[in-house]
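**Student:** sequence plus predicted model, see below.
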Amino acid sequence: MSYNKVYAEWQAAPEQFWLNAAREIDWVKPPSQALQADRAPLYEWFPDALVNTCHNAVDRHVLAGHGDRVAIIHDSPVTGRKEQITYANLQDRVARLAGALAARGVGKGDRVVIYMPMVPEALVAMLAVVRLGAVHSVVFGGFAAHELAVRIDDCTPKAVIAATCGIEPARIVPYKHLLDDALSQAKHKPDFQIILRRPEHPGDMRPGDVEWNEAQRGVEPAPCTPVRGTDPAYILYTSGTTGAPKGVVRPTGGHLVALNWTMRHIYNVGPGDVFWAASDVGWVVGHSYICYGPLIAGCTTVVYEGKPVGTPDAGAFWRVISEHKVRTFFTAPTALRAIKRDDPEGLLPGHYDLTALQAVFLAGERADPDTIHWATRHLHVPVIDHWWQTETGYAIAANPLGIEELAIKVGSPTRAMPGYDIRVLDEGGYEVPPGTLGAIALRLPLPPGTLPTLWNAEDRFAKGYLSHFPGFYETGDAGFVDDDGYVFIMARTDDVINVAGHRLSTGAIEEVLAAHKDVAECAVIGISDALKGQAPLGFVCLNKGCNRDHAEIARECVGLVRDQIGPVADFKRALVVDRLPKTRSGKILRATMVKIADGQDFKMPATIDDPAVLEEIRAALKGVGLG
């Protein structure tokens, strides 16, 4: 079937479309109803179904005779360890840990916080929790103690599962110390903590701590507990604009149906194929496409404990793809830019056999055309941007390789996926013509697996996502849709700047800067301007080995923007910096950069990768009289 036919099939009968997709899930009680709309605009999917996520991700493959298939490949260049875990072995590990949790009182509906590095035990912990019908909340390993405490107080877990440390190329991050600090700060006190003691940093055990293996000694393996289709599988916190984290709730039934559908239809993988999402279990990509999506589909998933560069070099990703015969690879544009910065000529991919690779998918932030061109040129496979959010859990717009490989328009994540009715609206909520920049909104109801609400914050959910454009979910992204239905995400809504009455996308200016031959990556922000309201300011990082005069490169960047966008952009300054401030998932902290440039107070973002980079940005801005 063609993309147009599949999308039209969904449009004509959306509930029947998802009931058909639901047939591929192993239900305890199949759904007789798809959508529950009694409380619109708060919608729920598969309300009368009973199901278990762990059964669908693990047990059913073993029962079908595929226990010998490899479920998880762990590749850890920071420790030198590699391991392959079959579905049968995974089932045993998960059932035993679930038994340990159940023996200590964890049951259906209880919450468990998971604070782990990129080790197989992180996936075992997630699966063990949902096996019991409990709800996990994974917090990115290494998050500051205060932020961990805030999340513990919000979801009130019965238990915490953690490791003693995470391992970076040049340092060990003591998770156990951070956890102990968080527990001392939190008002809510979990009943116990299960601790994976890593040999690189065993950590100190305290009252309430139980060692990973000791916790499982003498307990009965736990069976799968059925839950309702609308019961939460997990809570995942994402940063809120107020500084308070938002607990995105993921409903069990819709999560299973939607992720299973995407593996075949978007990523074109199935049982036995090796799928690698180079992310972290602390992020939504890690939930959807390191743990659940690949395992539900019967694939082999790669758990990688390393970096795109430095473990040991910029060929690290290509080594993993070659060695493990990865079919579909998923990463963030920032990772490719880091590799490109160290290997601008693209020499390292040629050292590896990448013939198993069918495609590279990018998400997490806007993929600039220059990076896509570089990767396509050197990897010789389609490099596909696709767009989604923590809140949606999977792609809003994508190129569905398993249905039809659509023509790639560089700069676009392609077209809307079934379930999503994408509209571009002006500030009054009216649709704008094709090609016109506006706020991107999704007509309600959202499809299965997307957030039905925020944890203990239904009013905040309605106010933050549903109130601005009644009848729509507000994505917070700005962009346009062209005459062919291709979506272009140009910036966050807050990053659309107004220069003397002209609305400009910072993403469009970044495209121009990224095309400069010496620029590895860049960011553009809008700073306050007394005359024109706002003015764009560019930051550029240079390719490794570039020794040209920085002032000359900055002048060339200004000239490029004037030539390709025009004087209307009023682009007059580009600053050369060593690094850009980013979250641990690779998103550039543009809003924080704006506050520094405008001399405003700001709160250190909880998700920041390296706080020292903000001081470097502050120094660069002071050098030109800003901040």
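**Tutor:** Nice, thanks for sending it over.
**Student:** show me what contacts Leu42?
**Tutor:** Leu42 sits next to Pro452, Thr453, Glu458, Ala462 when contact means Cβ atoms under 8 Å, 6 or more residues apart in numbering. All C-beta atoms are positioned from the backbone trio N, CA, C, and that covers glycine.
**Student:** equivalent analysis for Val326, please.
**Tutor:** Val274, Phe275, Trp276, Val302, Val320, Ala356, Leu357.
**Student:** save these as JSON lines, and put in secondary structure too.
**Tutor:** Below are these laid out as JSON lines (DSSP: H, G, I helix; E, B strand; the rest coil):
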{"residue": "Val274", "secondary structure": "strand"}
{"residue": "Phe275", "secondary structure": "strand"}
{"residue": "Trp276", "secondary structure": "strand"}
{"residue": "Val302", "secondary structure": "strand"}
{"residue": "Val320", "secondary structure": "helix"}
{"residue": "Ala356", "secondary structure": "coil"}
{"residue": "Leu357", "secondary structure": "coil"}
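**Student:** by neighbour count, which of the residues you listed wins?
**Tutor:** Ranked by neighbour count (other Cβ atoms under 10 Å), these have Trp276 at the top, with 27 neighbours.
**Student:** can you give me the helices in the stretch 401-550 of the chain?
**Tutor:** Using DSSP state H, counting those that start in this stretch, the helices of the stretch 401-550 of the chain run over 458-461, 506-514, 550-564.
**Student:** tell me which strands and helices the first one is in contact with?
**Tutor:** When contacts are defined as 3 or more Cβ pairs under 8 Å, 6 or more residues apart in numbering; DSSP states H and E, helix 458-461 sits against none of the other helices and strands.
**Student:** hang on, Lys572 packs against Asp529?
**Tutor:** No. Contact criterion Cβ atoms under 8 Å: Lys572 and Asp529 do not qualify, at 10.3 Å.
**Student:** joint contacts of the two?
**Tutor:** Common neighbours of Lys572 and Asp529 (criterion: Cβ under 8 Å, 6+ apart): Ala535.
**Student:** neighbour-wise, which of those two wins?
**Tutor:** Using other Cβ under 10 Å as the criterion, Lys572 and Asp529 rank with Asp529 on top: 16 against 12.
**Student:** got a list of what the nearest residue to that one once chain neighbours are set aside touches?
**Tutor:** Distance criterion Cβ to Cβ, 6 or more residues apart in numbering; nearest residue to Asp529, sequence neighbours excluded, is Ala535 at 4.0 Å. By Cβ under 8 Å, 6+ apart, the contact set of Ala535 is Val499, Gly526, Ile527, Ser528, Asp529, Asp570, Lys572.
**Student:** and those residues, which are buried?
**Tutor:** Val499, Gly526, Ile527, Asp529, Asp570 (16 or more other Cβ atoms under 10 Å).
**Student:** what pLDDT is listed against the fourth one?
**Tutor:** The predicted local distance difference test score for Asp529 is 86.
**Student:** what distance do you get for the residue of the chain positioned farthest from its centre to Leu626?
**Tutor:** Here the centre of the chain is the reference, and by Cα atoms, centre = their mean the most remote residue is Leu531, at 38.8 Å. Here Leu531 is placed at a distance of 16 Å from Leu626 (Cβ to Cβ, to the nearest Å).
**Student:** what of Ala170?
**Tutor:** 32 Å.
**Student:** so what touches the lowest-mean-pLDDT helix or strand in the chain?
**Tutor:** Each helix and strand of the chain was given a mean pLDDT (mean pLDDT, DSSP states H and E); the minimum falls on strand 502-505 at a mean of 76. Residues from elsewhere that reach strand 502-505 (Cβ under 8 Å, 6+ apart): 437, 478-479, 490-491, 495-498, 536, 565, 568-569.
**Student:** could you redo the last one with a cut-off of 10 Å?
**Tutor:** For strand 502-505, contacts defined as Cβ atoms under 10 Å, 6 or more residues apart in numbering pick out 366, 436-438, 478-480, 488-491, 495-498, 511, 524, 526, 532-534, 536, 565-566, 568-571.
**Student:** now those residues: which count as buried?
**Tutor:** With burial judged by 16+ other Cβ under 10 Å, the buried subset of those is 366, 437-438, 478-480, 488-491, 495-497, 511, 524, 526, 534, 536, 565, 569-571.
**Student:** give me the distance between the one helix or strand Val150 maps to and the centre of its chain.
**Tutor:** When elements are assigned from DSSP states H and E, Val150 belongs to helix 145-155. Mean-position distance between helix 145-155 and its chain equals 20 Å (Cα atoms, centre = their mean, to the nearest Å).
**Student:** which strands border the least confident helix or strand of the chain, and is each parallel or antiparallel?
**Tutor:** Using DSSP bridges, strand 502-505 pairs in its sheet with strand 496-499 (antiparallel).
**Student:** got the CA coordinates for the strand it pairs with in PDB?
**Tutor:** Taking C-alpha atoms only, strand 496-499 is exported to PDB below (Å, rounded to 0.1, in the frame of the first residue of the first chain):
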ATOM      1  CA  VAL A 496      10.500  32.700  16.200                       C
ATOM      2  CA  ILE A 497      11.800  36.200  16.500                       C
ATOM      3  CA  ASN A 498      10.200  39.500  15.500                       C
ATOM      4  CA  VAL A 499      12.700  41.900  13.800                       C
END
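**Student:** tell me the bridge partners for the residue nearest to Asp529.
**Tutor:** Under the criterion used (DSSP bridges), Ala535 bridges to Ile527.
**Student:** poorly predicted segments of this structure, please.
**Tutor:** Within the chain, the stretches with pLDDT under 70 are 239-244, 501.
**Student:** again, only this time at 50
**Tutor:** Within the chain, the segments meeting pLDDT under 50 span 241-242.
**Student:** select from the contacts of strand 502-505 every entry located in strands.
**Tutor:** Among the contacts of strand 502-505, DSSP state E puts 438, 478-480, 488-491, 496-498, 524, 526, 533-534, 536 in strands.
**Student:** out of the residues you listed, who's nearest Phe602?
**Tutor:** Of all these, the one with the least separation from Phe602 (Cβ to Cβ) is Gly526, at 15.7 Å.
**Student:** the closest one contacts Gly507, doesn't it?
**Tutor:** No. Between Gly526 and Gly507 there is no contact under Cβ atoms under 10 Å: 11.9 Å.
**Student:** shared neighbours, the two?
**Tutor:** Ala491, Asp495, Val496.
**Student:** closest one of these to Lys340?
**Tutor:** Ala491 (21.8 Å).
**Student:** OK, contacts around the closest one?
**Tutor:** Taking Cβ under 10 Å, 6+ apart as the test, what Ala491 contacts is 366, 437, 477-479, 497, 504-510, 524, 526, 590.
**Student:** list just the nearest of those residues to Cys541.
**Tutor:** Glu510 (12.1 Å).
**Student:** ok, that closest one touching Pro333?
**Tutor:** No. If you go by Cβ under 10 Å, Glu510 and Pro333 don't touch, sitting 11.0 Å apart.
**Student:** any shared contact partners between these two?
**Tutor:** Between them, Glu510 and Pro333 share these contacting residues under Cβ under 10 Å, 6+ apart: Arg366, Asp368, Glu521.
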